[in-house]
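A.B. asks: what's the 3D shape of this:
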Amino acid sequence: MKRSLLFAFLFYATNLAATTYYVSPTGSDAAAGGVGAPWKTISHAASVAVAGDTVNVEDGTYVETVNWSHTGTSGAPITFRSQNKWGAHIVPTSAQINSNLALATQVESTGDYTIIQDFDISGAGDGDSPTNAGIKIQVGADHCKVVGNKIHEIGYTSTRCPIGAAINIASNDAIVDKNYIYHCAPPRSAGFLCRTGAHGMYFNGPSINGTFTNNLLVDIAQGFGIQWDSRSAPITGFVVDNNTFTNLGDSVHRTGGAIYYPCTATGCGMNRFNNNIVANVQNQTMLLYPSGTGYGSLGADQMYSNLIYNSPAINFNGSDEPTSI
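C.D. replies: Predicted coordinates:
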């Protein structure tokens, strides 16, 4: 009985401590952050919010970069959300646009259990830094969620080859769901070729057990909708379901496409690619590349069942065959 009462007290105390803060373009970072006294910058909110807190960002344009470093918990994540879907627009600073700074990431999380939801995020269109991204979840920031965001203009107007992604994940157990991603990497009309380019989503290891569902990826020519980098660790435990890829890749320059899954370390397996729609994609639909010098194998228990229209066939470059296509 005493144990039950103690648990109930701790649960009540934990939830009581959670706070909802507000951010508005007309606010002040010297204010209290409440509904009637909002802060002015998302960055200030990120420096204050802790486990269990929610930050509602009101409609408007926020010219800033944001680094969420505090850590939530499984039962009390830190939630940052646009109060109205895509109403809060985070845009690059002039320094990012004009100087191609080493840090050209609009939103960056280094803390566990962070939720980033419903923002409109524009990248540094002409940035060519390796860290150029709309949202970046850093190594060690596990169990984060990126949900319902619109992310675009990542290197799209660059006069050279940018490197980066709309969403860059380098952690474990990430959930990426219902995001709308477009205009990443230079278009087909650009007068130069980018074989590395920017991507819709880029996942570099060690990262395992990611869930990527219900995302819409459009107009990414010189990059892939989703690409993994498994040079340092095998790709395992990913669920890639119910995503739509359209108008990706460039068949003339032979670059980009929908999905690039290179298993360059041994031990890849237990991944699922099901119910994805691939339409009007050039160059590569799914490039599954497990063979060759220095490459591992796709591994066991892979699953593939997808709808493909007006796009190349899936390229399995190895001995492993899909259970279904």
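A.B. asks: where does the closest residue to residue 251 other than its chain neighbours land in three-state SS?
C.D. replies: Leaving aside its chain neighbours, residue 251 sits nearest to residue 282 (3.9 Å; criterion: CB to CB, 6 or more residues apart in numbering). Placement of C-beta: from N, CA and C, glycine included. Classification of residue 282 using DSSP: H, G, I helix; E, B strand; the rest coil returns coil.
A.B. asks: settle this for me: residue 282 is touching residue 248, isn't it.
C.D. replies: Yes - if you go by CB atoms under 8 Å, residue 282 and residue 248 touch, sitting 7.1 Å apart.
A.B. asks: got any residues that touch both of those two?
C.D. replies: 221, 256, 257 (CB atoms under 8 Å, 6 or more residues apart in numbering).
A.B. asks: look at residue 282 and residue 248 and report which has more neighbours.
C.D. replies: When neighbours are counted by other CB atoms under 10 Å, residue 248 comes out ahead of the other of residue 282 and residue 248, with 33 against 22.
A.B. asks: pLDDT score for that one?
C.D. replies: Per-residue pLDDT puts residue 248 at 94.
A.B. asks: if it is in a bridge, with which residues?
C.D. replies: residue 220 (DSSP bridges).
A.B. asks: contacting residues for it?
C.D. replies: 200, 217-221, 224-225, 256-258, 281-282.
A.B. asks: returning to what we had before: mind putting the shared contacts of residue 282 and residue 248 in JSON lines, neighbour count, pLDDT and distance to residue 80 included?
C.D. replies: Below are the shared contacts of residue 282 and residue 248 laid out as JSON lines (neighbours: other CB atoms under 10 Å; pLDDT from 0 to 100; distance: CB to CB, whole Å):
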{"residue": "221", "neighbour count": "27", "pLDDT": "89", "distance to residue 80": "31"}
{"residue": "256", "neighbour count": "31", "pLDDT": "89", "distance to residue 80": "31"}
{"residue": "257", "neighbour count": "29", "pLDDT": "90", "distance to residue 80": "32"}
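A.B. asks: which one of these is nearest residue 164?
C.D. replies: The shortest gap between residue 164 and any of the shared contacts of residue 282 and residue 248 belongs to residue 256, at 14.1 Å (CB to CB).
A.B. asks: shouldn't the closest one be in contact with residue 312?
C.D. replies: No - here residue 256 lies out of contact with residue 312, judged by CB under 8 Å, at a distance of 11.7 Å.
A.B. asks: what about the nearest residue to residue 302 once chain neighbours are set aside, distance to residue 156?
C.D. replies: In this structure, residue 302 finds its nearest non-sequential neighbour in residue 271, 5.6 Å apart by CB to CB, 6+ apart. Separation of residue 271 from residue 156 (CB to CB, to the nearest Å) stands at 30 Å.
A.B. asks: before we move on, the earlier item: overlap in contacts, residue 256 and residue 312.
C.D. replies: 282, 283, 284.
A.B. asks: for the stretch 101-250 of the chain, what spans make up the helices?
C.D. replies: Ranges of helices in the stretch 101-250 of the chain, per DSSP state H, counting those that start in this stretch: none exist.
A.B. asks: phi, psi for residue 46 please.
C.D. replies: Phi and psi for residue 46, reported as degrees, to the nearest 10, are phi -70, psi -30.
A.B. asks: for the residue nearest to it when sequence neighbours are not counted, which residues are in contact?
C.D. replies: Spatial nearest neighbour of residue 46, chain neighbours left out: residue 68 (4.7 Å); criterion: CB to CB, 6+ apart. Residue 68 sits next to 46, 78, 80, 107, 108, 109, 110, 111, 114, 116 when contact means CB under 8 Å, 6+ apart.
A.B. asks: residues contacting the fifth one?
C.D. replies: What it means is residue 108. Residue 108 neighbours (CB under 8 Å, 6+ apart): 65, 66, 67, 68, 133, 135, 136, 137, 138.
A.B. asks: widest-spaced pair of these?
C.D. replies: 65 and 137 (14.8 Å).
A.B. asks: more neighbours, those two?
C.D. replies: Using other CB under 10 Å, the more surrounded residue of residue 65 and residue 137 is residue 137, with 32 against 20.
A.B. asks: hmm, the more buried one is touching residue 174, no?
C.D. replies: Yes - with contact defined as CB under 8 Å, residue 137 reaches residue 174; the gap is 5.9 Å.
A.B. asks: what do these two both touch?
C.D. replies: 144, 146.
A.B. asks: re the thing from before, roughly how far apart are the residue nearest to residue 302 and residue 52?
C.D. replies: Taking CB to CB, one finds residue 271 at 33 Å from residue 52.
A.B. asks: returning to what we had before: now the residue nearest to residue 302: phi and psi?
C.D. replies: Dihedral angles for residue 271 - degrees, to the nearest 10 - are phi -110, psi 150.
A.B. asks: residues near it, how many?
C.D. replies: By other CB under 10 Å, neighbour count at residue 271 equals 23.
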